[in-house]
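# Attaching a predicted model along with its sequence, questions to come.
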Amino acid sequence: MIIRAFFLVIVQTIFVAPLLSAAVSSAPLFRDGAVLQHGKPIPVWGMAVPGEEITVTFAGQTVSTETDPQGRWSVTLAALEPNAEPAEMLIAGNETVRITDILVGEVWLASGQSNMVWTVAQSHDADLEVLMAQWPLIREFNVSRAATPEPLDQIDGRWVSAQRESVSSFSAVAYAFARDLHQALHIPVGIINSTWGGTVAEAWTDADTLDEEAFAAIRQRGKDLLGRTLAAYEENLAEWRREREAAAIAGDPFTRERPSPPTPHQLRNAPSFLYNGMIHPLVPYGIRGAIWYQGEGNARRYEEYRDLFPALITGWRRVFRQGDFPFYWVQLAEFRAQGPRDTTWAFLREAQSRALHLPGTGQAVILDVGDVHDIHPGDKSTVGRRLARLALNRTYGHGIEDSGPAFAGADFEGETVRVHFSNTAGGIRTTAVTVRGFELAGEDRRFFPATASISGDSVVLISDDVPAPVAIRYAWRNAPEATLSNGAGLPAAPFRTDDWRQD
């Protein structure tokens with residue numbers, strides 16, 4: 001297949017040839033300024049001449065190995081304590097590679113689509129964020145974009161510290177997350193930024209996971225995408241050849257350039273292509289966990305996302321072989337999409353929430369910080385802080401509130417409904433004059449706005465349009481009027497009591 005062959009050539013040219021030409025090299029994650037994960041064994045790997053003896057020295061440890069027939073080598077250092085003092089790693093073979101300014105602290109993988117890509121420079125208070133950025137112990141590794149049909153062993157990128165001259169290009173969400181962790185934990189924090197805008201979750205999911213029967217439709221869409229892209233390229237190429245031949249027969253000059261084969265950008269949403277090019281090469285780098293901001297690209301297929309998203313999480317945990325590491329994500333903010341009263345995004349949010357059944361997961365609700373007119377809301381600092389709350393509470397045990405009121409049950413009492421909540425520290429509150437965002441429906445399944453009043457840790461609902469309610473929904477619109485929060489100022493998550501399909 002032309003597309004497959006083309007990409008394999010690109011992979012070999014960009015990522016393999018330079019490594020084979022070097023006597024000794026480390027994986028790009030092991031470069032000056034790296035942050036290594038503390039408290040876990042530290043895998044270190046790279047390339048050299050086949051059969052060469054390699055010795056890695058770092059933090060008082062020396063470990064040796066021999067490269068395999070393909071020239072690959074890998075060693076594992078014993079777990080280390082956090083260390084903010086820059087250290088040096090030596091990788092010695094026929095030549096010696098010296099890696100400097102290495103820190104040991106917390107490492108998190110940040111991934112997803114454009115809202116995780118969104119930089120500090122593009123976000124609110126960018127000038128203030130840049131002015132205050134003097135964090136040499138916060139560092140980001142920005143993974144180069146690569147969409148490939150086969151898993152890569154190498155990627156490109158470099159570690160950059162969060163300083164005034166550099167922080168503008170950091171992922172704004174990941175930077176805010178890292179800054180809060182660093183200030184709370186007082187140790188170095190590294191972020192591996194592996195993101196690409198306008199991408200779907202299946203592109204970030206490994207092929208073994210997508211081989212499951214439940215994802216047959218995804219695999220077929222991938223084949224169709226590749227087929228359409230290839231057909232368009234072949235048609236353009238055939239037309240180019242016809243024009244060239246006609247020009248030659250007529251004796252006319254021909255200057256049109258030959259059509260280029262499909263680019264990685266065109267195929268970035270092919271199933272597993274981004275996993276292959278931008279996640280697999282990171283394995284088995286030591287990480288504490290992952291943060292994720294994605295879902296817009298899958299909103300129209302929310303039913304599929306219910307199974308796909310938890311499968312992605314489980315797949316990443318399987319390949320990294322670091323147990324059920326923490327995985328925290330951002331639930332989609334309000335946005336008009338097909339219309340503010342439409343419910344497509346509400347069902348996608350529900351699909352995201354379904355992954356909470358997995359251990360070590362958490363969800364940052366941001367219905368109060370979005371922009372109904374902009375799919376890229378500018379307040380990324382609050383988003384990063386909500387993710388940091390999850391990590392500081394659930395991963396690091398600091399005992400702070402990390403989520404708003406959560407639906408805990410309902411009593412249907414004639415024409416009224418009493419809704420009970422958990423996570424009500426400081427009491428249930430409303431961010432408006434009245435509580436808004438609740439809807440009731442009767443047996444006819446037609447939802448109408450409900451009048452809501454707070455009563456202790458519950459909310460009482462009634463609607464003149466629904467004399468005998470049987471179902472409740474809260475914040476169940478693309479851009480809902482969501483006003484409920486707890487004393488910590490954290491918004492309630494959307495919920496519904498029915499299991500009806502989209503209305």
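Looks like it came in fine.

# residues of the helix ranked longest in the chain that come out buried?
In terms of residue count, the longest helix belonging to the chain (DSSP state H) is helix 216-250. Buried residues in helix 216-250, counted by 16 or more other C-beta atoms under 10 Å: 218, 219, 221, 222, 225, 226, 229, 230, 233. For every residue, glycine as well, the C-beta is placed using N, CA and C.

# Which one of these is nearest to residue 416?
Nearest to residue 416, judged by C-beta to C-beta, of the buried residues of helix 216-250 is residue 218 at 44.2 Å.

# sorry, back to before: give the rounded mean pLDDT of the longest helix of the chain.
Over the span of helix 216-250, the pLDDT mean works out to 96.

# same question, stretch 303-310
The model assigns stretch 303-310 a mean pLDDT of 98.

# Also stretch 424-436?
The average pLDDT for stretch 424-436 rounds to 94.

# got a list of what residue 58 touches?
Counting by C-beta atoms under 8 Å, 6 or more residues apart in numbering, residue 58 makes contact with 44, 77, 87, 88, 89, 90, 102.

# Quick check: beta-bridge partners of it?
In this entry, residue 58 is beta-bridged to residue 61, by DSSP bridges.

# any idea how far it lies from residue 77?
According to C-beta to C-beta, to the nearest Å, residue 58 and residue 77 sit 6 Å apart.

# Contacts made by the helix or strand residue 318 falls within with the rest, please.
The secondary structure element spanning residue 318 is helix 302-320 (assigned by DSSP states H and E). With contact meaning C-beta under 8 Å, 6+ apart, helix 302-320 is reached by 201-202, 204-206, 208-209, 212, 214-215, 217-218, 279-280, 283-284, 287, 290, 295, 298, 323-325, 327, 344, 347-348, 350-352, 354-355, 357-358, 361.

# Now the buried members of these.
With neighbours counted by 16+ other C-beta under 10 Å, the contacts of helix 302-320 contain buried members at 201-202, 204-206, 209, 215, 218, 279-280, 283, 287, 290, 295, 298, 325, 327, 344, 347-348, 350-352, 355, 361.

# circling back: can you give me the angle the helix holding residue 318 makes with helix 216-250?
90 degrees (axes from the mean of the first three to the mean of the last three C-alpha atoms, to 10 degrees).

# now helix 302-320, how far from the centre of its chain.
Counting by C-alpha atoms, centre = their mean, to the nearest Å, helix 302-320 is centred 12 Å from the centre of its parent chain.

# and what of stretch 485-503?
23 Å.

# tell me the angle of the longest strand seen in the chain relative to helix 302-320?
When the chain is parsed with DSSP state E, its longest strand is strand 96-112. Per the same axes, to 10 degrees, the angle that strand 96-112 makes with helix 302-320 is 160 degrees.

# circling back to that earlier point, against which helices or strands is the longest helix of the chain packed?
With contacts defined as 3 or more C-beta pairs under 8 Å, 6 or more residues apart in numbering; DSSP states H and E, helix 216-250 has these neighbours: helix 2-11, helix 302-320.

# if you set the cut-off to 7 Å instead, what comes out?
Helix 216-250 is packed against helix 2-11, with contacts defined by 3 or more C-beta pairs under 7 Å, 6 or more residues apart in numbering; DSSP states H and E.

# show me what contacts residue 488?
Each residue near residue 488 by C-beta atoms under 7 Å, 6 or more residues apart in numbering is listed here: 401, 425, 426.

# Over to it. Which of the three states is it?
coil (DSSP: H, G, I helix; E, B strand; the rest coil).

# If residue 92 is in a bridge, with which residues?
The partner residues for residue 92, given DSSP bridges, come to residue 55, residue 96.

# Tell me, what's the model's pLDDT at it?
Here the pLDDT value assigned to residue 92 is 97.

# Assign residue 129 to helix, strand or coil.
helix.

# quick one: contacts for it?
Applying C-beta under 7 Å, 6+ apart, the residues contacting residue 129 are 120, 167.

# Model confidence for it, exactly?
pLDDT, read off for residue 129, is 97.

# where's it relative to residue 171, distance?
12 Å.

# wait, residue 440 sits on residue 472?
Yes: Residue 440 is within contact range of residue 472, at 6.1 Å (criterion: C-beta atoms under 7 Å).

# the more surrounded of the two?
It is residue 440, of residue 440 and residue 472, that has more neighbours when counted by other C-beta atoms under 10 Å, with 28 against 23.

# circling back to that earlier point, return the subset of the buried ones among the contacts of helix 302-320 lying in strands.
Counting by DSSP E, those contribute 290, 327, 361 to strands.

# which other residues reach the helix or strand following the longest strand of the chain?
Next helix or strand after strand 96-112 toward the C-terminus (DSSP H and E): helix 114-117. With contact meaning C-beta under 7 Å, 6+ apart, helix 114-117 is reached by 110, 171, 173, 174, 195, 196, 197, 198, 293, 294, 376.

# go again using 10 Å as the cut-off
Here helix 114-117 makes contact (C-beta atoms under 10 Å, 6 or more residues apart in numbering) with 110-111, 122, 142, 171-174, 193-199, 291-297, 329-330, 332-333, 366, 370, 375-377, 380, 383.

# So what's the gap between it and the chain middle?
Using C-alpha atoms, centre = their mean, the offset of helix 114-117 from its chain centre is 8 Å.

# got the CA coordinates for the helix or strand residue 89 falls within in PDB?
Assigned by DSSP H and E, residue 89 belongs to strand 83-92. Listed next in PDB are the C-alpha coordinates belonging to strand 83-92 (Å, rounded to 0.1, in the frame of the first residue of the first chain):
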ATOM      1  CA  ASN A  83      16.400  16.000  43.900                       C
ATOM      2  CA  ALA A  84      16.400  19.600  42.700                       C
ATOM      3  CA  GLU A  85      20.100  19.800  42.300                       C
ATOM      4  CA  PRO A  86      21.100  19.400  38.600                       C
ATOM      5  CA  ALA A  87      22.900  16.100  38.100                       C
ATOM      6  CA  GLU A  88      24.800  14.600  35.200                       C
ATOM      7  CA  MET A  89      24.300  11.200  33.500                       C
ATOM      8  CA  LEU A  90      27.100   9.500  31.600                       C
ATOM      9  CA  ILE A  91      26.400   6.900  28.900                       C
ATOM     10  CA  ALA A  92      29.600   5.300  27.800                       C
END
